[in-house]
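# Show me the folded form of this:
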Amino acid sequence: MKSVLIISDRDNVATALQVLEPGSTLELGDVRLAVRESVPSGHKIALRTIRAGEAVIKYGSPIGLATAEIPVGAHVHTHNLASTRGRGDLGPPQREPQPRLAEPVDETNGR
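Numbering: from 1, shown residues only. The predicted structure follows:
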């Protein structure tokens, strides 16, 4: 059974499909990733270092911003991630969002 789920090449986090124990190693294609801390099933693990303020990308879409630097192999959850969905206090997005993987390409505007 796979330990984690990665949907898009854009993802900088993976979803744990089982509890990930610190010190264990994940084999992700050609990449080996050391788990830094316990990650509960259904939670996220950083696939690379994510800088504070950087978007956290899951399933090909941004789900929030890192509130602190998140090292590769670390647990990603509410202690180091702030959701940006539905927040009117952030103003308009700085760039046009990318289509989600489940959305068909809109042939009328080339996206």
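
# Please look at Thr49 and Gly73 and confirm they touch.
No - with contact defined as Cβ atoms under 8 Å, Thr49 does not count as touching Gly73 (9.5 Å). Backbone N, C-alpha and C define where each C-beta goes, glycine included.

# Compare the two (neighbour count), which wins?
Using other Cβ atoms under 10 Å as the criterion, Thr49 and Gly73 rank with Gly73 on top: 22 against 14.

# how about the nearest residue to that one, chain neighbours excluded?
Once flanking residues are discounted, Gly73 sits nearest to Arg36: 4.1 Å by Cβ to Cβ, 6 or more residues apart in numbering.

# And Asn12, by the same measure?
Nearest residue to Asn12 in three dimensions, chain neighbours excluded: Ile57, at 5.0 Å (Cβ to Cβ, 6+ apart).

# Which parts of the host helix or strand of that neighbour count as buried, going by neighbours?
For Ile57, the element it lies in under DSSP states H and E is strand 55-58. Residues Ala55, Val56, Ile57, Lys58 are the ones in strand 55-58 that count as buried (16 or more other Cβ atoms under 10 Å).

# ok, and what's touching that strand?
Strand 55-58 is contacted from outside by 7-8, 10-13, 15, 44, 50, 62-66, 70, 76, 81, using Cβ atoms under 8 Å, 6 or more residues apart in numbering.

# Mind giving me the PyMOL command for buried ones among the residues you listed?
Buried residues among the contacts of strand 55-58 (16+ other Cβ under 10 Å), as a PyMOL selection:
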select buried, resi 7+11+12+13+15+44+50+62+63+64+65+66+70+76+81
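
# Show me the contacts of strand 55-58 that map onto strands.
Of the positions in these, Val13, Thr15, Lys44, Pro62, Ile63, Gly64, Leu65, Ala66, Val76, Leu81 sit in strands, assigned by DSSP state E.

# Farthest pair within those?
Longest distance between any two of the ones in strands among the contacts of strand 55-58 is 18.4 Å, between Thr15 and Leu65; criterion Cβ to Cβ.

# Quick test: name the residue nearest the centre of this protein.
Geometric centre of the chain, nearest residue: Val13, 3.1 Å, by Cα atoms, centre = their mean.
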